[in-house]
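Enquirer: I'd like to go over a predicted model; first the sequence, then the structure.
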Amino acid sequence: MMSEKIVGIAGGMGPQSTLDLMQKILVATPARCEQDHIHLIVDSNPKTPDRTQAILGTGDSPAETLCEAVRRLTRAGADLILIPCNTAHAFLDEVQAATSAPIFNMVDLCARWAAGRYRRGEVLGLLATTGTLSSGLYERALGAHGLAVIAPSPPEQEDLMEAIYGAGGIKMGHVESNAAGVRRLGRALVDRGARAVIAACTEVGLVLADCDLPVIDPLRILAEEAVRQVKGEAREKE
């Protein structure tokens, strides 16, 4: 059997999103037997400082913790690295400098995927953490392809952050109880003209899966691209 690339995952932000990425890689892999699946090395560290707090200036930077993670993954043999957290991509340049292994940019991959399916000038909705919105990651990446972005209103964004971070939030394991509320926020963006809603927070992706909205899941796009890099092809979700 020919040697294949090993995929490293710097996760834990949150832990369920890391499991979701692993599941998406499993589903996307064109395997005929157990041995056809991809070798994963996972560093899931939920102690990583909160990315939104760092961007907003109310908390410590996660960069060094992420740098330590990618160094461990590289030493363990990872040939490429995935980070299943959208907001963490605001620190990607610093983290990439800590490893020789390429870190796949989930935001850029999503923007290129969208550019291949939507016309210039079309509008996409964005459900993301306040940190991701403040960083402008998706606006810049999509804007480079001529795509526009709309986000929730300030009160709606507060509701979204509560659904993600609250005591009864998705990060605390309460996925199903937040599904209806997050989907309502997505529907509001579609009603305002969005052709589709980007689940630009991995926790949002957990509750928008298999709903009746047109959803773009950057984590799935990331998983499929990683599989293509290792296997030369991927099973894409229809």
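Expert: Done, it's in.
Enquirer: where does this protein have low pLDDT?
Expert: For the chain, the stretches flagged by pLDDT under 70 are 1-2, 238.
Enquirer: mind running it again at 50?
Expert: Applying pLDDT under 50 to the chain picks out residues 1.
Enquirer: can you list the domains in it?
Expert: 7-105+219-231, 107-218 (automatic domain parsing).
Enquirer: any chance of those in CSV with mean neighbour count and distance to Lys237 as columns?
Expert: C-betas here are computed from N, CA, C, even on glycine. Shown next, in CSV, are the domains of the chain (neighbours: other C-beta atoms under 10 Å; distance: least, C-beta to C-beta, whole Å):
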stretch, mean neighbour count, distance to Lys237
domain 7-105+219-231, 19, 6
domain 107-218, 19, 8
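Enquirer: now Pro214, nearest residue through space, not along the chain?
Expert: Here the nearest residue to Pro214 in space, its sequence neighbours aside, is Ala196; by C-beta to C-beta, 6 or more residues apart in numbering that works out to 4.0 Å.
Enquirer: wait, doesn't the one you found sit right on Cys211?
Expert: No - judged on C-beta atoms under 8 Å, Ala196 makes no contact with Cys211 at a distance of 12.0 Å.
Enquirer: mind listing what Gly11 touches?
Expert: Residues counted as contacts of Gly11 (C-beta atoms under 8 Å, 6 or more residues apart in numbering) are 17-18, 21, 42-45, 83-85.
Enquirer: beta-bridge partners for it, please?
Expert: Ser44 (DSSP bridges).
Enquirer: please report the distance of it from Gly59.
Expert: 19 Å (C-beta to C-beta, to the nearest Å).
Enquirer: also Pro49?
Expert: 6 Å.
Enquirer: kindly report the same for Leu66.
Expert: 14 Å.
Enquirer: cool, and Val227?
Expert: Taking C-beta to C-beta, one finds Val227 at 34 Å from Gly59.
Enquirer: how about Leu147?
Expert: Using C-beta to C-beta, Leu147 is found at 31 Å from Gly59.
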